[in-house]
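In: structure for this input, please:
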Amino acid sequence: MTAVIRLGTQGWNYPAWVGPFYPPGTRLSDMLGLYARAFPTVEIDATFYANPAEPVVRGWRARVPPDFVFSLKVPQEITHERRFVEAGDALDRFVARARLLEGTLGPLLLQTPADWSPTPDARAALAEFVPMLPTDLRWAIEFRDPRWLTEATLGVLRAHRVALALVEGRWVKRERVLQLAAEPTADFAYVRWMGPDRSLTDYSRVQVARDREIGLWGEALAALRSRVREVFGYVNNHFEGHSPATVRTLQSRLGLPVIDPSSLRRQGELF
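Out: Alright, predicted model coming up:
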């Protein structure tokens with residue numbers, strides 16, 4: 001099989017993107033519709049902080065084409081506050097809201113706390129929680145403590161077709177992440193490019209060129225195409241400074257269509 005690769009950014013509503021990415025004068029309310037012309041998917045971070053209101057979710061759905069894909073981060077109430085313990089009710093509420101996206105709903109990301117270590121209690125909590133995940137939806141999980149990345153953990157994920165999120169960041173060494181990319185735990189892959197720190201604050205341009213890392217990941221994604229059905233990848237602004245440019249570079253490396261920002265403009269109007 002040859003996987004479909006969908007690449008996008010983590011979020012879309014950045015004022016600093018107006019000019020270098022969005023046409024000058026773009027309003028916040030117009031950004032998602034324009035974004036969806038350039039990229040086929042986006043990861044939403046806002047859902048990590050609170051379950052979104054129903055009108056908000058329906059508004060997201062209304063602004064994108066039918067083949068667009070939203071990936072949502074699971075609320076921190078589940079992952080960071082309850083730490084997967086007695087979290088079934090919170091999970092049900094989140095899933096009900098996420099389903100409002102209908103055919104545009106993509107993978108749902110569980111991001112574990114960096115200080116959540118694989119103690120016996122934590123392992124038991126994860127083993128009890130994972131079977132609760134609705135099997136008609138796609139799930140990914142990101143571990144920020146590398147001690148979780150054992151055969152026992154991967155076995156739990158494989159048994160329930162949960163993808164291990166592959167992250168370019170400061171928590172797990174790249175060599176180990178790329179090794180794990182060769183051993184998918186689901187029929188899709190989920191990749192996140194976070195960058196080594198949060199020092200970049202100007203999101204209007206690339207400030208730290210990471211050509212070597214992009215080259216390594218381009219090779220890894222090309223190899224993943226034969227191992228899974230779909231690949232979802234999301235770039236954070238902190239990776240190079242301006243994530244739309246990074247996505248276009250990745251798309252070019254992989255032979256995917258690249259949309260120039262100038263094509264988002266239409267004569268005399270945004271829409």
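
In: how about the helices in this structure?
Out: Under the criterion DSSP state H, the chain carries helices at the ranges 28-38, 46-49, 54-62, 76, 88-98, 120-129, 151-159, 174-181, 211-224, 237-240, 243-253.

In: what is the last one packed up against?
Out: Helices and strands touching helix 243-253, as assessed by 3 or more C-beta pairs under 8 Å, 6 or more residues apart in numbering; DSSP states H and E, comprise strand 4-10, helix 211-224, strand 230-235, helix 237-240. From N, CA and C alone the C-beta is placed, and that goes for glycine too.

In: now, of the helices of the chain, which is deepest in the fold?
Out: helix 237-240 (a mean of 23; mean count of other C-beta atoms under 10 Å).

In: returning to what we had before: can you add mean pLDDT and give the helices and strands packed on helix 243-253 back as a markdown table?
Out: What follows is the helices and strands packed on helix 243-253, written out as a markdown table (pLDDT from 0 to 100):
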| stretch | mean pLDDT |
| --- | --- |
| strand 4-10 | 98 |
| helix 211-224 | 93 |
| strand 230-235 | 98 |
| helix 237-240 | 97 |
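
In: redo those as JSON lines? Include distance to Ala90.
Out: Below are these laid out as JSON lines (distance: least, C-beta to C-beta, whole Å):
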{"stretch": "strand 4-10", "distance to Ala90": "23"}
{"stretch": "helix 211-224", "distance to Ala90": "32"}
{"stretch": "strand 230-235", "distance to Ala90": "24"}
{"stretch": "helix 237-240", "distance to Ala90": "28"}
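
In: what's the closest of these to Ser71?
Out: For these, proximity to Ser71 was assessed by C-beta to C-beta; strand 230-235 is nearest, at 6.0 Å.

In: specify the angle between that closest one and strand 4-10 in degrees.
Out: On the basis of axes from the mean of the first three to the mean of the last three C-alpha atoms, to 10 degrees, strand 230-235 is oriented at 20 degrees to strand 4-10.

In: what's strand 230-235 in contact with?
Out: Counting by C-beta atoms under 8 Å, 6 or more residues apart in numbering, strand 230-235 makes contact with 3-10, 41-43, 69, 71, 106-107, 187-193, 221, 224-225, 243, 246-247, 250, all of which sit outside it.

In: and the helices and strands packed on helix 243-253: which comes nearest Ser199?
Out: Ranking the helices and strands packed on helix 243-253 by distance to Ser199, with C-beta to C-beta as the measure, places helix 237-240 first at 7.8 Å.

In: okay, the closest one in PDB with CA atoms only?
Out: Taking Å, rounded to 0.1, in the frame of the first residue of the first chain, the C-alpha atoms of helix 237-240 are listed here in PDB:
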ATOM      1  CA  ASN A 237       6.000  27.500  14.600                       C
ATOM      2  CA  HIS A 238       8.800  26.800  17.100                       C
ATOM      3  CA  PHE A 239      10.400  24.200  14.700                       C
ATOM      4  CA  GLU A 240      11.800  26.800  12.300                       C
END
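
In: what's that helix packed up against?
Out: With contacts defined as 3+ C-beta pairs under 8 Å, 6+ apart, the packing partners of helix 237-240 are helix 243-253.

In: what angle do the helix it packs on and helix 28-38 make?
Out: Regarding helix 243-253 and helix 28-38, their directions subtend 10 degrees when assessed with the same axes, to 10 degrees.

In: next one: helix 243-253 to chain centre, how far?
Out: For helix 243-253, the gap between its own C-alpha mean and the chain's C-alpha mean amounts to 15 Å (C-alpha atoms, centre = their mean, to the nearest Å).
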